[in-house]
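>>> Okay, here's the prediction I keep looking at, along with the sequence it came from:
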Amino acid sequence: MMTEAVKTDIKFIIFKLLEKEYAIPVENVRSIEKVMHITRVPKVNSYIKGVINLRGVVTPIIDLRERFSLEESEYNVHTRIIIVKIENKEVGLIVDSANDVLDISMNAIEPQPNVVGSIEADFISGVAKIDRRLLILLKLEVILTND
Amino acid sequence: MQMELNQYLDVFIEESKDHLQNCNTQLLELEKNPQDLKVVNEIFRSAHTLKGMSATMGYEDLANLTHNMENVLDLIRNNKLKVTTVIMDVVFLAIDDLEEMITSIAGGGSGKRDVTHVIKKLELIEKGEESALSAPVHQGEKASINEENVAVSHLQYDEYERTVIEESMEHGYIAYEIKVRLREDCLLKAARVYMVFEVLEKIGEIVKSSPSVDQLEEERFDHEFFITLLSKETAEYLEKSVCNVSEIELCEVLPLSLHTTQKVVQETAATIEVLEKPLTGVEKTTIAQENDSVKKSVSSKTIRVNIDRLDVLMNLFEELVIDRGRLEQISKELNHGELNETVERMSRISGDLQSIILTMRMVPVETVFNRFPRMVRQLTRDLNKKITLVVKGADTELDRTVIDEIGDPLVHLLRNALDHGIESPDVRLASGKPEEGTIELRAYHSGNHVFIEIEDDGAGISKEKVLQKAISNGIISEEHSKTLSDQQVFELIMASGFSTADTISDISGRGVGLDVVKTTIESLGGSITINSNQGQGSLFSVQLPLTLSIISVMLVKMEKEKYAIPLSSIIETAMIKEEDILHAHNQRVIDFRGKVVPLVFLNEVFNVPQVDRKDRVHSVIIVRKGDKMAGLVVDSFIGQQEVVLKSLGIYMGEVFAVSGATILGDGQVALIIDCNALIK
């Protein structure tokens, strides 16, 4: 029984953007940081806020609200930078807050309903309903394409 | 079993590469000194180790091939086989195959390869049938020997030696070539040699010996040696005298006629046709590599460290430096005696640590140069030219990252020099040059840079030809061509879509080469210059930064943002008054020491969030790229600093006018400006 549970449950980091809850697999998350000084890089996409010094490694930072074309907001005490890594790309994502880790069973994940239909739809791989919460699962590889 | 071996795979690959490289170098050495058995032993040892390792790891083809190669080497070692060019070629071929297999294994392949062809060749040699490999040449050689019916000299004489022999012959002396073979079980070879020399010196005058006296004294020969003697005695008498020394197995005395000596000299001059001829002394086409007289002086103990670990170490150290800066700040504020002292000491130690970590990443340029002698040897034969490669300063050290990148551009430049630079032997003779061309490859430190230069004594670059070509290829206009300096003309050959060779060859001349070389070198933060004298040769000089990871920069401020400008491209800084700025063709320029220099306002280029403010005086940094200059306008200068260069990460890719980033003492990131992109 134990082995089966290990197989089907995946740990996700849950974060908030504009009151909605999003989830990314914990295996892609390197760390969660508080907002620190960001050095602006000129002449790049506006959603790239710049680079930070992450313990000696220069890491690019993406504002996820801007990436999803949501309304901008000032950073506050809850704002977090989630450092993610896929393949060799290591990038920080600015989110409103990040405060939960959940085990989501693969069975609970459904393909995204077509009605969502917003711009962020391209970035979504599915949704999961746990208790009364609706979690939006993200395609990190699409978020990390720099176009 | 396989699983267990996997952990040794990396070590196996690394060590195999080392052994193959060693084989390569030593084989070239052997070609120069075929008598030197120490070299054969060295090659034998490497081949033997390689065989053992590959058998253990289960690479049978690899083990098979090395085994056969080892057999041939064994014969050479035991003096049962003479080193000839044909044999060398086959052994080199085998090494090539071995390299291919190792590369395949390193790339995750099985290391399998069809080696039957080479193995067959090696077996033929082993059976003493190497003639089958080059039958026609061999027969030709035999015929010429029969015709002469005089023993062809085993030795080669230089001009001085020949003059001596000739003169003494005129005075009634007879020149003898004496071949002495010691008994196999002879224990004190050097002592016997000494005795032979003593006997002969009483009878006549020794002109030459092969191997040289030094080598004989060090017992660096097998059992046989040759002596050239001038004497008035008869051959029989000489033979009897030498045979009086005990433990001599054989002594042959042959009179040497002037005719023979000359003949030999001529033959060596035409040595390329005579492939079967045993190699003695310095062969003409071989590659001379300047070896420091004390070879392999002291071997220090080393361990292998993965470069990634060094990178991690470097990163950790940089963090330490940043914290050190903070600590210094705090201790200054607190002004506590003991704290100050401790922090100061810590700073000193971390300074030492920094220099050690940096030198750990340095690798001698030798690792790149090593493969060139082989390449030049092959190409000279393909091109039918006679070329000597002289390598100097192979121990010059460069950062590992630069070393990794510099190989291909250098290969290209060398090929270029071999193909286009050095003329064919008949052309060289016709223009009164020595038949044999020389290419010198040298590396040296100068200031904060390493220079790698490739100089040939070939035809040089024809300015007229370059200009013609450039105009016909539409690279420059005819009027423009008249205003160019020599240097600028030479630089045209590195423009894309340019090739001066009349015939396009395999070796180089596809017209895509030199511009790629230039781009690669510039991307490393280096530069390349060309100098040439027509008829006398060309010099390609590559200037490289000592290390890619640490550079000197000028920190500047624009509003609240800090940027770094590499010192290497800065000429000087200046303060310019608003009214000194001139307007020409919609561009703001200044008159700087009599030159019109365009201004680049960095806050406009980088869209720096502007607080409206009008400066009466501008801070300007004059930078250059080649002969072109530009003035970068900034808000203020902060100062000069050594910084660690970091990449912006794969995600960011190329960013306009930014070559990278660095972390400053306060922990913030500053972008490094790529001046080349700002100068048009």
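Great, that's in hand. Numbering: from 1, shown residues only, chains lettered A, B, ... in the order given.

>>> can you map out the strands along chain A?
Taking DSSP state E as the test, the strands found in chain A are A:9-17, A:20-25, A:29-34, A:48-54, A:57-63, A:80-86, A:89-95, A:97-105, A:109-110, A:124-130, A:133-138.

>>> Get me the contact residues on chain A for chain B.
Proximity of chain A to chain B (C-beta under 8 Å from any C-beta of the partner chain) is limited to residues A:37, A:39-44, A:48, A:50-53, A:55-60, A:88-91, A:144, A:146. Glycine gets a C-beta too; all of them are placed from N, C-alpha and C.

>>> Next one, pLDDT for the spatially closest residue to residue B:425 that is not a sequence neighbour please.
Once flanking residues are discounted, residue B:425 sits nearest to residue B:435: 4.7 Å by C-beta to C-beta, 6 or more residues apart in numbering or on different chains. The score at residue B:435 is 85. That number is its pLDDT.

>>> What does residue B:435 show for phi and psi?
phi -60, psi -30 (degrees, to the nearest 10).

>>> Could you check how far the nearest residue to residue B:207 once chain neighbours are set aside is from residue B:219?
Closest residue to residue B:207 apart from its sequence neighbours, by C-beta to C-beta, 6+ apart: residue B:228 at 4.5 Å. According to C-beta to C-beta, to the nearest Å, residue B:228 stands 21 Å off from residue B:219.

>>> Likewise for residue A:66?
80 Å.

>>> Check residue B:428 too.
For residue B:428, the distance to residue B:219 equals 41 Å [C-beta to C-beta].

>>> and if you look at residue B:190?
From residue B:190 to residue B:219 the distance is 5 Å (C-beta to C-beta).

>>> what does residue B:320 give?
The gap separating residue B:320 from residue B:219 is 55 Å, by C-beta to C-beta.

>>> Residue B:426 and residue B:420, how far apart?
17 Å.

>>> do the same with residue A:50
Distance from residue A:50 to residue B:420, by C-beta to C-beta: 48 Å.

>>> try residue B:252
Counting by C-beta to C-beta, the gap from residue B:252 to residue B:420 is 49 Å.

>>> go on, residue B:465?
Separation of residue B:465 from residue B:420 (C-beta to C-beta): 11 Å.

>>> In terms of packing, which of those two has more residues around it?
More neighbours surround residue B:420 than the other of residue B:465 and residue B:420, with 22 against 13 (other C-beta atoms under 10 Å in any protein chain shown).

>>> sorry, back to before: more neighbours, residue B:428 and residue B:219?
Neighbours per residue (other C-beta under 10 Å) separate residue B:428 from residue B:219, with residue B:428 holding more: 20 against 14.

>>> Show the subsequent helix or strand relative to the host helix or strand of that one.
In this structure, residue B:428 sits in helix B:425-430 according to DSSP states H and E. On the C-terminal side of helix B:425-430, the closest following helix or strand by DSSP H and E is strand B:437-446.

>>> mind listing what's buried in that next one?
B:437-443 (16 or more other C-beta atoms under 10 Å in any protein chain shown).

>>> Now tabulate the residues you listed in JSON lines and tack on distance to residue B:665.
Listed next are these as JSON lines, based on distance: C-beta to C-beta, whole Å:
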{"residue": "B:437", "distance to residue B:665": "54"}
{"residue": "B:438", "distance to residue B:665": "51"}
{"residue": "B:439", "distance to residue B:665": "47"}
{"residue": "B:440", "distance to residue B:665": "44"}
{"residue": "B:441", "distance to residue B:665": "41"}
{"residue": "B:442", "distance to residue B:665": "39"}
{"residue": "B:443", "distance to residue B:665": "34"}
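
>>> Surely the residue nearest to residue B:207 forms part of a strand?
Yes: counting by DSSP: H, G, I helix; E, B strand; the rest coil, residue B:228 is found in a strand.

>>> Compute the distance between it and residue B:43, please.
Distance from residue B:228 to residue B:43, by C-beta to C-beta: 29 Å.

>>> for residue B:160, same thing?
Residue B:160 is 33 Å from residue B:43, where distance means C-beta to C-beta.

>>> who's more crowded, those two?
Under the criterion of other C-beta under 10 Å, the comparison of residue B:160 against residue B:43 puts residue B:43 first, with 25 against 9.

>>> I'd guessed that one sits against residue B:74; true?
No: with contacts defined as C-beta atoms under 8 Å, residue B:43 does not count as touching residue B:74, sitting 10.6 Å away.

>>> helix or strand right after the worst-scoring helix or strand of chain B on mean pLDDT?
Ranked by mean pLDDT, DSSP states H and E, the helix or strand of chain B with the weakest confidence is helix B:135-148, at a mean of 38. Counting by DSSP H and E, the next helix or strand C-terminal to helix B:135-148 is helix B:159-170.

>>> In the chain, where is pLDDT below threshold?
I went with chain A, as the question did not name one. A:1-7, A:113-120, A:147 (pLDDT under 70).

>>> try chain B instead
In chain B (pLDDT under 70), the answer is B:1-7, B:129-156, B:257-300, B:322, B:447-448, B:496-497, B:499-513, B:547-550, B:612-615, B:626.

>>> Nearest the middle, which residue of the chain would you pick?
No chain specified, so I'll use chain A. By C-alpha atoms, centre = their mean, chain A has its centre lying nearest to residue A:24, at 5.6 Å.

>>> that's the other chain; I wanted chain B
The residue lying closest to the centre of chain B (C-alpha atoms, centre = their mean) is residue B:369, at 2.1 Å.

>>> residues contacting it?
Listed by C-beta atoms under 8 Å, 6 or more residues apart in numbering or on different chains, the contact set of residue B:369 reads B:391, B:394, B:441, B:443.

>>> Return the distance of residue A:17 relative to residue A:145.
With C-beta to C-beta as the criterion, residue A:17 and residue A:145 are 19 Å apart.
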